[in-house]
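Participant: heads up, no residue letters with this:
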Ligand code: HEM
Ligand SMILES: [Cu+2]
């Protein structure tokens, strides 16, 4: 990609500060995109572990019918918190804020993002939102119990701290918008000479498309949320039918954001998948332009399908089938990606290392998630399955099997670059397998239970579900156990792992041309780009040890 070798500064970004401080202050006040990415990593990983632990507790409650370890109200609070944390604090910001921050500037040959200070501000806004979520748990009124969707009228009537939690979500949205603006500007203004649009790595394309959704869709949910707060505080009738409002309007406004939000979650993951597949197949991606364009197509069509969440809320038959049809159309660009990835692997010389194995997990789990989405997108089946465990299974396969899996894939792919250390590959391979087993045990029975009529968001169930619920709970132990195991060996690798070379996998995008960990400002001289993004003939001139 770049001309021959790139001259580089010697000291890593860990050793050089962007400000006059050292120690912790040099981190808290840093404007370096890589340090900010790592601060996001620490914060987001923390919330993910909290969310996973809450999931574990819910599964423990569901181990036996009737009360196991908690009552109904506690369960309501836990599934709400679990949803809010996983959605707003983990999966939406996850990949862009961590890996986008760290790698987007490097992959386009820039020294930093366009607005480094704004970048730091976004981080603090995120932290403020997260703290407010936590504060809302402890104030009088009690923790929220509405579900992460905050549906009206319950969310204007419950006495729990919904207003504060919604305000927190508003703040988190602001952080997301600012990050989006930063990335769009960075991609437009800071590409290295020769880095034309179609020479950008696909992770950059994906993050770029995501950034646009963040900018365009997030304000809608921000306004919606503020309206609910106003309604709760001043009793203005906007959504609550008792005050003359329209609860369906809330659902429209909520899903006009929240459906595109699922693409905020998945597109960056698809970008990472393209990077990993090319690197481990030593082969340029099959269908670069279709993959890049399908990201934009998904981002666009994704705006038009929101009401598939509302088939049973009441809408005309014509509206229902149009939304159903449009939902099937979004599956097309996703299919384009899957087929192009598979075509890349075909005749590639596959080197099945740990990050590639995570991608295999992704393709399998995400395909089940996507295909079960079509079952829910069909009117006839959705009416039967809506609000059952089928939905819970579907979105965990998509969000966790998709984006969550790639969070781990990206972690294992870029860990040596970010920290300059290598982890234990044997442990890592075992984790891929136990993750797969635990995941399917945990969530697959939910498809069957949903089909049998097990409703979502209940702490109790009929005895006929007992066996499937048990399998699911045992799966949660294997899965969450694996997650803590991964956290453990990665932390160990940070301290004691062997040093990683600048290019342990044989990648050719720009981050593999610079040392691990990268120096401050990434490049001593901005490179001039002459190669196509996945031109593996460069590997001969690059440092690459197997
Ligand atoms: C780490 C292991 C996880 C476990 C054990 C787990 C388990 C559960 C359980 C038992 C429910 C409640 C089902 C119900 O009663 O309706 C649930 C709901 C949910 N989960 Fe997870 N989950 C995990 C990870 C995740 C991840 C990674 C995400 C997001 C990417 C996620 C997002 C959600 C959402 C949005 C809900 C819906 C909450 C609601 O209905 O309001 N979960 N999960
Ligand atoms: Cu949707």
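Facilitator: Cool, got the structure. What you see is a predicted model, and the numbers here were worked out from it, not measured in a lab. Ligands and ions are numbered 1, 2, ... in the order given.
Participant: and the gap between residue 15 and residue 204?
Facilitator: 27 Å (Cβ to Cβ, to the nearest Å). Placement of C-beta: from N, CA and C, glycine included.
Participant: other SSEs contacting whatever helix or strand residue 124 lives in?
Facilitator: Secondary structure assigned from DSSP states H and E places residue 124 in helix 116-138. Packed against helix 116-138, as judged by 3 or more Cβ pairs under 8 Å, 6 or more residues apart in numbering; DSSP states H and E, are the following elements: helix 33-61, helix 162-189.
Participant: Look up the closest residue to the residue of the chain found nearest ligand 1, ignoring the ones flanking it.
Facilitator: Residue of the chain nearest ligand 1, by Cβ to the nearest ligand atom: residue 55 (2.6 Å). Closest residue in space to residue 55, ignoring its immediate chain neighbours: residue 82 at 5.5 Å, by Cβ to Cβ, 6 or more residues apart in numbering.
Participant: got the contact list for the one you found?
Facilitator: By Cβ atoms under 8 Å, 6 or more residues apart in numbering, residue 82 lies in contact with 51, 54-55, 58.
Participant: residue contacts, residue 397?
Facilitator: Going by Cβ under 8 Å, 6+ apart, residue 397 touches 365-366, 368-369, 372, 443.
Participant: Grab the two from those residues that are most spread out in space.
Facilitator: Farthest apart among those by Cβ to Cβ are 366 and 443. That separation is 12.6 Å.
Participant: which neighbours do these two share?
Facilitator: 397, 401.
Participant: residues of the helix or strand where residue 375 lies that come out buried?
Facilitator: For residue 375, the host element (DSSP H and E) is helix 354-377. For helix 354-377, a neighbour-count test (16 or more other Cβ atoms under 10 Å) marks 354-370, 372-373, 375-377 as buried.
Participant: what subset of those residues is also close to ligand 1?
Facilitator: Applying Cβ under 6 Å from any ligand atom to the buried residues of helix 354-377, one finds that nothing falls near ligand 1.
Participant: pLDDT of stretch 358-377, averaged?
Facilitator: Throughout stretch 358-377, pLDDT has a mean value of 95.
Participant: and what of stretch 473-483?
Facilitator: For stretch 473-483, the mean pLDDT works out to 98.
Participant: How about the residues of this structure by ligand 1?
Facilitator: Applying Cβ under 6 Å from any ligand atom, we find that the chain lies next to ligand 1 at 52, 55-56, 58-59, 79-80, 82-83, 86-87, 91, 147-148, 392, 396, 399-400, 404, 442, 456-458, 476, 479-480.
Participant: Deepest in the core, which of the helices and strands packed on helix 116-138 is it.
Facilitator: helix 162-189 (a mean of 22; mean count of other Cβ atoms under 10 Å).
Participant: Please state the offset of the helix or strand just after that one from the chain centre?
Facilitator: Downstream of helix 162-189, the next assigned helix or strand under DSSP H and E is helix 202-234. Relative to its parent chain, helix 202-234 has a centroid offset of 15 Å by Cα atoms, centre = their mean, to the nearest Å.
Participant: Pull out the buried residues from helix 202-234.
Facilitator: Buried positions in helix 202-234, judged by neighbour count with 16+ other Cβ under 10 Å: 202-215, 217-218, 220-222, 224-225, 227-229, 231-232.
Participant: for residue 534, helix, strand, or coil?
Facilitator: coil (DSSP: H, G, I helix; E, B strand; the rest coil).
Participant: Could you find the closest non-adjacent residue to it?
Facilitator: Nearest residue to residue 534, sequence neighbours excluded (Cβ to Cβ, 6+ apart): residue 284, at 4.0 Å.
Participant: The strand or helix carrying residue 280 - contacts with which helices or strands?
Facilitator: Using DSSP H and E, residue 280 falls within helix 247-281. Applying 3+ Cβ pairs under 8 Å, 6+ apart, one finds that helix 247-281 contacts helix 94-95, helix 202-234, helix 288-301, helix 317-345, helix 354-377, helix 405-419.
Participant: Pretty sure residue 16 sits in a strand.
Facilitator: No. Residue 16 is assigned coil when assessed by three-state DSSP, not a strand.
Participant: okay, now the closest residue to it other than its chain neighbours: neighbour count?
Facilitator: Take residue 16 and drop its neighbours on the chain: the residue closest to it by Cβ to Cβ, 6+ apart is residue 520, 4.1 Å away. The number of residues packed near residue 520 is 19, by other Cβ atoms under 10 Å.
Participant: which residues does residue 520 contact?
Facilitator: By Cβ under 8 Å, 6+ apart, the contact list for residue 520 reads 9, 11-13, 16, 18, 32.
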